[in-house]
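In: Model the structure of this input:
(chains A, B and C)
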Amino acid sequence: MRKHHIHPVRVILLILFFVSAIMPLYWILLTSFKGPKEIYTFPLQYVPRTFTLESYRKLFSFTSFGRYFINSLVLAFSASLGAMVVSVAAGFSLSRYNRKREKHGILLALYFTQTIPTFILMVPLFTFFSKIGLVDRLWSLGTVYIATVVAFSTIMSKSFFDRIPVSLEEAAKIDGCSLGQSLIRVILPVTLPGMAALFSFAFINIWNELFLAVMLLLSNENMTVPVALNSFISKAGISWDVMSAGIVMALLPTMVVFGVGQKYIVAGLTEGGVKG
Amino acid sequence: MKQRIRTSVLIICVLLAAIPLFAGGSQEKSEKTTLTYMETMTSPGRTATIQGIIDAYEALNPEIEINLISPPYEQADNKLTLMLNSNQDLDIIEVRDHTLKQFVNNGKLEDLTDYIASWDEGDDLLPLTVTAAKTVDDTPYLIPQFFFVKALFVRTDILAQYGFTEMPTTMEEMYEMAIAVTEKAPNQYGFGFRGKGSAFKVSDPMILSDVATIDLENVYRTTDGTFSMSTPEAKAALDAYVDLYNRAVPADGVNWGFNEQVNAFISGTTPFLIQDPDTVALVNEQLGEENYTVIPLPVGKSGKSFLDYGFAGLSIPSYSKNKDAAWDFISFIANAENNADFCRTYGPLPIHASTYANDDYFSSGVYKSWEQEMSDPDTYKFVKYPLDSPKYPGWAQVQEQYMQSLLLGDITSEEAIAAWESYWE
Amino acid sequence: MEDKTYRWFLVPALILLVLCIYVPVLRGLVMAFQNYNMFDLTNIHFIGLENFSAVIRDVHISFGQILANTLVWVTASLLFQFVLGFILALAMKEPFRGRGIYSGFVFYAWALSGFAIGLTWAWLFNGQFGLINDLLVRIGLLESPIGFLSSKSLAMIAVLIPNIWYGVPFFGIMLLAALQSVPAELYEAATIDGAGRVRQLFSVTIPYVRPTIISTVLLRTMWIINFPDIIYAMTSGGPVNRTNILATQMINKIFKEYDYGQGAAIGVIIMVLLFVYAIFYLRVTGRQEEEF
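Out: Take a look at the predicted model:
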């Protein structure tokens, strides 16, 4: 590959995007390292006068943030995995579907789910889940999460499979592979980066979900990170010390997903992307 | 092979459908009675205090186990509403002044009359506690756990910089001081305004304290039945309030909720703040006790100060299967000793007369101001919002919209008052 | 024949959608036609379109204003999210050292929860102790701080900025991927034809990534209209209703007034608007024929 000379306009653009993206994060990070009495001092301090990890200590000792973090991690990880499996199957099926009208209808039904405000689902979902005794279980919330992301993921995964010629499967079949074998041995490896993208998108959405978690979980030990962060807002005010530390902690997993995974995500999307 | 795939898909579906059954079966059965307790005015510190009291209770009563549910403050009332209406397992619930009526309407709360009658500490409750308990239908559907009463937080350090050492006793004096300190220094303003988020709870008592004829049962009515804001005194007071905003509050005040209000006080932007006692802990932590004081709410031109008492208390859902056990715990957490401890860390005012008599804490320091408000019924009148009106839940948004219009100069005070009056018609 | 087997793969997804989305949403739709108010649940019955007329004809909270706000909110958010996301994608298209870490920092906004974004930006925009005012004053662009969130003309801009900030990463990633799928030969051919950078963009790049643009824009519209979190945390719809959109008014009805019937009615209005929009949009973009 020849060496790139980055055009100065590009450099300026990249810097501008970086600065505006980073500014709020810098403020939160700064706040999280300040002592409680420094948070609201005037004039504003752009560098902390004293650097302290007190907010983080308080976050983990005063609240069970570690526990919530693990809850969220397990929940988001397994639900995203589940969503990936379900939507890869559905996307493959849709892509190879040859009845135009049915296919059209199913796609429409998938898009339709995206128009629904969460709040309209909240009461019926809660009533339904409480009737069958399924509230306050992380896995049942996880199932709802899979349902909330599966439409978008299926639309995405269908477009990945649209890019893979049917001839690939046929070639595998000639080599004596069964349908299942050809799917696993031939087709899936080609779509792996795409699946990484599916997984990451689902993970981010689930990791941040607040209202369904507030409604469907009850006990304090089942709390997730967004719920915990929201609980730092009380009648008397916002505890910005633990709040800022919590936001920073909550960002870590998703930053890792983007930082480490962006190569695969972008590569995966390049294979397909949302094309409908 | 087709068969195989079909079978495996079917198996997956069956498994998906069967998970509930497995999970349902995993609940452990034990000899213990488990009580579910849901709090609603949540904050992390408060939850820790309640958990401490629960631990103490469980140590005394090994056969009882208490599950505490603590949803985030902003969603808690809604969640409780949903849970009650689908008869979720709940035995002890924290009900707030503004949710009490709807829960009673829906038949979800147990009448506690007999329990209170048999309680040895029942006689020690403040008269206010008993009144609050009987807010709806003159029946005690809850035991109040604490009271929020507004008082004036003052940054003595900042006022001293500008030569003020006397504290204001009337609203007029406070307005004058607030206006006088404004713009004495960059970013120096006078009053910790409340512009959004139930802003009427700050503005309306300030304004209506100029009206002598307020009906104590409904702050929006005078004793002769007219809308209290329509009185000439209220109109003049509203104009003075707008003037205060224009001369002692940054423009941004229109958008200040509780958080900005408190921040402005802590950062020193505004030396006056009208707030509830649960703000004390936060202010102590972020500002320090030495820099401020709390004084009783200044009186209006009526010579009186109208205070609403916000409260929340514990109730037993009417469908609870463990009512007696639930009451036993309520009588424990609400006894004079535990209630005092609870209020000390959380901030608001306790419910027992003996607490004020025996415990210096609630009659000294910043709490002296609240003690004064509670013990001078001629000056400090407790009033009620029309909590049992079906229009009350929508009031905050309507009041806020016209008040913001007025503050930003779009409409006149007459127009705002007329619009408010039309809402209550 | 193969096709029939494939169809079974759809079943798990459809079961989940029906159980967790379609059945509850039907119940929710029914609520829109009932007097479902938590203030008194002992007498729930059908009231026809009363919830809709109560919301639309509200004499105090102007529905017209809310609709207009919603339109501004969706259009401006979408436009700027898309354009800035496209520019970011173009700038990041060619590899450079540290692109992985760089993308971690420019894309992280997507990974924040809405209320955290709202609270943070409400603080940044604050007239007294907000970073933005402070910086603008320090640079000398402003003489004294502005109350962004209390100004009727500026508040909408102030809530739009964080929403745009939040949405740029989505388009950035989607379009970055789409751009990389454009075959290099197309650019070479265009260069031989003497097309400059700008012409290449419009004659090669955009037509090639058009399908991605069409479906991401449609999805994003739906997400933006249903995203009240930022506004709710920053202004709760104020000042004087200037930032109140359908989604925030729905929260007001449900969370503040406990009127689930009217809240659901607003939800139905949102869904109908989106449905009409989607049909119109797909017709205009001509994607309908090729199963969008």
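In: Could you pull up phi and psi at the residue in the stretch 201-350 of chain B that chain A sits nearest to?
Out: Residue of the stretch 201-350 of chain B nearest chain A, by C-beta to the nearest C-beta: B:Ser267 (4.1 Å). Quick note: C-beta positions are derived from backbone N, CA and C, even for glycine. Phi and psi for B:Ser267, reported as degrees, to the nearest 10, are phi -80, psi -10.
In: Who are the contact partners of residue 236?
Out: No chain in the question, so chain A it is. By C-beta atoms under 8 Å, 6 or more residues apart in numbering or on different chains, the contact set of A:Ala236 is B:43, B:258, B:262, B:275-276, B:278-279, B:281-282, B:347.
In: Not quite, go with chain C.
Out: Applying C-beta under 8 Å, 6+ apart, the residues near C:Ser236 are B:196-197, B:257, C:248, C:252.
In: Domains in chain B, by residue range?
Out: B:33-149+B:310-363, B:151-308+B:377-424 (automatic domain parsing).
In: Got the phi and psi for B:Leu152?
Out: Residue torsions, per degrees, to the nearest 10, at B:Leu152 are phi -100, psi 120.
In: Run through who's touching stretch A:76-89.
Out: For stretch A:76-89, using C-beta under 8 Å, 6+ apart, the contacting residues are A:142-143, A:145-146, A:149-150, A:153-154, A:156-157, A:188, A:191, A:195, A:198-200, A:202-203, A:206-207, A:253, C:9-10, C:12-13, C:16.
In: Let's see which of those end up in helices.
Out: Among those, the residues falling in helices (DSSP state H) are A:142-143, A:145-146, A:149-150, A:153-154, A:156-157, A:188, A:191, A:195, A:198-200, A:202-203, A:206-207, A:253, C:12-13, C:16.
In: Of those residues, which are in range of chain B?
Out: For chain B, the contacts drawn from the ones in helices among the contacts of stretch A:76-89 by C-beta under 8 Å from any C-beta of the partner chain are A:143, C:12, C:16.
In: Now do the last one, the pLDDT please.
Out: Reading off the per-residue confidence, C:Leu16 sits at a pLDDT of 95.
In: Same check on the second one?
Out: C:Pro12 is assigned a predicted lDDT (pLDDT) of 93.
In: That one reaches A:Ala90, doesn't it?
Out: Yes - using C-beta atoms under 8 Å, C:Pro12 makes contact with A:Ala90 at a distance of 7.3 Å.
In: Narrow the ones in helices among the contacts of stretch A:76-89 to just the buried residues.
Out: A:142-143, A:145-146, A:149-150, A:153-154, A:156-157, A:191, A:195, A:198-200, A:202-203, A:206-207, A:253, C:12-13, C:16 (16 or more other C-beta atoms under 10 Å in any protein chain shown).
In: Put the alpha carbons of stretch A:93-103 into PDB.
Out: C-alpha atoms of stretch A:93-103 as PDB (Å, rounded to 0.1, in the frame of the first residue of the first chain):
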ATOM      1  CA  SER A  93     -34.100 -17.100   5.900                       C
ATOM      2  CA  LEU A  94     -35.500 -13.800   4.700                       C
ATOM      3  CA  SER A  95     -32.600 -13.400   2.300                       C
ATOM      4  CA  ARG A  96     -33.300 -16.800   0.700                       C
ATOM      5  CA  TYR A  97     -37.100 -16.400   0.800                       C
ATOM      6  CA  ASN A  98     -38.600 -16.600  -2.600                       C
ATOM      7  CA  ARG A  99     -42.200 -15.600  -2.100                       C
ATOM      8  CA  LYS A 100     -42.000 -11.900  -2.800                       C
ATOM      9  CA  ARG A 101     -45.300 -10.900  -1.100                       C
ATOM     10  CA  GLU A 102     -44.700 -12.800   2.200                       C
ATOM     11  CA  LYS A 103     -41.100 -11.500   2.300                       C
END
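In: what's the helix or strand for C:Val272?
Out: helix C:260-285 (DSSP states H and E).
In: Give the buried residues for that helix.
Out: For helix C:260-285, by 16+ other C-beta under 10 Å, it's C:260-271, C:273-274, C:277-278, C:281-282, C:285.
In: same thing with stretch A:60-80?
Out: A:60, A:63-65, A:68-69, A:71-72, A:75-80.
In: likewise stretch B:284-304?
Out: Buried, per 16+ other C-beta under 10 Å, within stretch B:284-304: B:286-287, B:292-302, B:304.
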